[in-house]
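> attaching a predicted model along with its sequence, questions to come.
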Amino acid sequence: MIMTCCFASRPEKPNVILLLTDDLGWQDVKCYDIDAPSPMETPNIDKLAKKGIQFWQGYSPAPSCAPSRAAILSGIHPARAQQTHVSGGTPPAPYHKTLHRMMPPWYRSSMPIETYTLAQALRDNGYTTGHSGKWHLSKVYGGYPQPQDHGFDWSRNNHGILKAMKPHRLTGFATNQADDPYRLDEKGFCTHQNSEDALTFVRENKEKAFFLYYATFLVHTPVQTRSERLLKKYCDKLGVELPENPKEWKGEGQTNPFYCAMVEELDYYVGKLFDYLDTTEDPRWPGHMLSENTYIIFTSDNGGMEKIPGEIITDNYPLHRGKISAMEGGVRVPLIITGPGITPKQQSDVMINGLDFYPTILSLTGTQKPKDKIFDGCDISTLLAKNPADPLLVQEQDGSVRDTMLWHFPNSVALESTIRIGDYKLIRNYDHINNKHAPELEL
């Protein structure tokens, strides 16, 4: 007797992977490089870009970590959510008591527990929901609320190779020893538990419709690599020597070998996940690979962090400034979207924001929109399916075409808000009174 598989056609509920990197700059990825050739090697991310749509004007909801993550998972703009920066929930205080004349307003430290998140919406539609990596949406690390309180069935948050190297970053390199938690694999890369956790979730749940929020700890500080091989590789490639003081790097531009190694490591680890999807048969769709029924959204929580005290990390040029600024370098990020029904090898100049992910994923998965839910982003599923180069396909809930984006960041050293309408961006500087370096408005 010949048995006919009940899943002869593509399963109704596609898998979704939201891959949110940390502090990855727009110019840190090879396929985005538009000025001097980037030394960083990102073959797996570049390959992913050719499988779907590479957006050149993708934006994060905020120029720092926590507000972007909350906005993506809630669909609510950081200004509306009153969560505009990290480490909030305390009385306002100046960023520096003597060097800064203004203090930022109060802002929230955690995403409110009553927030109906993307994970909750998908779980209510029968999805198994998983989180691997960074959370950063509670006031203290490990504090309430955690991912399980916001709709995730499964969560792990091991820092892996980003655990600080002691006593400094030129000590404690990974080895081949079996008891080394960072032991080198067959390709000479360190074991990174954050990556292994993401793979574990997919392996354990591939027989169901799943949603994975894979929030990498790379390439956030500490700027370090446990791979001595990669560090030497980029010293040679860049023609630089390691600093006498291992805690600093003063080379300008994209010449930091520690950071370059980190970017390549990020590429390798996400590449392992992409390879698994490409080479593993979908149990719900025999004869087809998991990647054929999985949407991948790859992006960053904010622009690249250009420098910290004592160290130059990267350079977002030709974009202005970087993380903790609402200028272009702080909010424009890599954005690649692939999946069923999306034509490969496409590029788009349409403005897209991380706020768009929630309503779009609901449409892609056939998940009902929560009643009375406010979405500050747009459903871009029609754009993805029809023509990613047509900005007229990105429409607000009232049917009007979106041509405007707003960032509110009255925080840190920036103290600014910005609005983009069409090809123009207006900056409002809050610390402008008797300040020749910051006029109230800049166009």
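Arrived safely. Numbers count the residues shown, from 1 in each chain.

> M102 and P67, how far apart?
19 Å (CB to CB, to the nearest Å). C-beta coordinates here come from the backbone N, C-alpha and C atoms, glycine included.

> which of these two has more neighbours?
Shown here are M102 and P67; by other CB atoms under 10 Å, P67 has more neighbours (33 against 15).

> contact partners for the more buried one?
P67 makes contacts with P61, P78, A81, Q83, T84, H85, V86, as judged by CB atoms under 8 Å, 6 or more residues apart in numbering.

> how about a cut-off of 7 Å?
Counting by CB atoms under 7 Å, 6 or more residues apart in numbering, P67 makes contact with P61, P78, Q83, T84, H85.

> go on, I419?
Contacts of I419 by CB under 7 Å, 6+ apart are T404, L406, L426.

> and those residues, which is closest to V140?
Nearest to V140, judged by CB to CB, of the contacts of I419 is L406 at 29.7 Å.

> show me what that closest one is bridged to.
I419 (DSSP bridges).

> what about it, distance to A62?
Counting by CB to CB, the gap from L406 to A62 is 11 Å.

> over to K47?
Counting by CB to CB, the gap from K47 to A62 is 29 Å.

> and these two? Which one has more around it.
A62 (33 against 15).

> hmm, the more buried one is touching S68, no?
Yes: if you go by CB atoms under 7 Å, A62 and S68 touch, sitting 4.6 Å apart.

> between those two, what contacts are shared?
By CB under 7 Å, 6+ apart, the residues touching both A62 and S68 are N302.

> and the helices in the stretch 201-350 of the chain?
228-238, 257-279, 328-331 (DSSP state H, counting those that start in this stretch).

> turn the ones you listed into a markdown table, columns for distance to M165, mean neighbour count and mean pLDDT.
As requested, those are arranged in a markdown table below (distance: least, CB to CB, whole Å; neighbours: other CB atoms under 10 Å; pLDDT from 0 to 100):
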| stretch | distance to M165 | mean neighbour count | mean pLDDT |
| --- | --- | --- | --- |
| helix 228-238 | 11 | 17 | 98 |
| helix 257-279 | 10 | 22 | 98 |
| helix 328-331 | 28 | 27 | 98 |
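
> can you check which of these gets nearest to S9?
Among the helices of the stretch 201-350 of the chain, helix 257-279 sits nearest to S9 (CB to CB), with 19.5 Å.

> got the CA positions of that closest one in PDB?
Taking Å, rounded to 0.1, in the frame of the first residue of the first chain, the C-alpha atoms of helix 257-279 are listed here in PDB:
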ATOM      1  CA  PRO A 257      42.100  43.300  15.400                       C
ATOM      2  CA  PHE A 258      40.200  42.200  18.500                       C
ATOM      3  CA  TYR A 259      37.000  43.600  17.000                       C
ATOM      4  CA  CYS A 260      37.600  42.300  13.500                       C
ATOM      5  CA  ALA A 261      38.000  38.800  15.000                       C
ATOM      6  CA  MET A 262      34.800  39.200  16.900                       C
ATOM      7  CA  VAL A 263      32.900  40.100  13.700                       C
ATOM      8  CA  GLU A 264      34.200  37.000  11.900                       C
ATOM      9  CA  GLU A 265      33.300  34.900  14.900                       C
ATOM     10  CA  LEU A 266      29.800  36.200  14.800                       C
ATOM     11  CA  ASP A 267      29.600  35.300  11.200                       C
ATOM     12  CA  TYR A 268      30.900  31.800  11.800                       C
ATOM     13  CA  TYR A 269      28.400  31.100  14.600                       C
ATOM     14  CA  VAL A 270      25.300  32.400  12.800                       C
ATOM     15  CA  GLY A 271      26.600  30.500   9.700                       C
ATOM     16  CA  LYS A 272      26.400  27.200  11.700                       C
ATOM     17  CA  LEU A 273      22.700  27.900  12.300                       C
ATOM     18  CA  PHE A 274      22.200  28.700   8.600                       C
ATOM     19  CA  ASP A 275      24.000  25.500   7.600                       C
ATOM     20  CA  TYR A 276      21.800  23.400   9.900                       C
ATOM     21  CA  LEU A 277      18.700  24.800   8.400                       C
ATOM     22  CA  ASP A 278      20.000  24.200   4.900                       C
ATOM     23  CA  THR A 279      21.100  20.600   5.500                       C
END
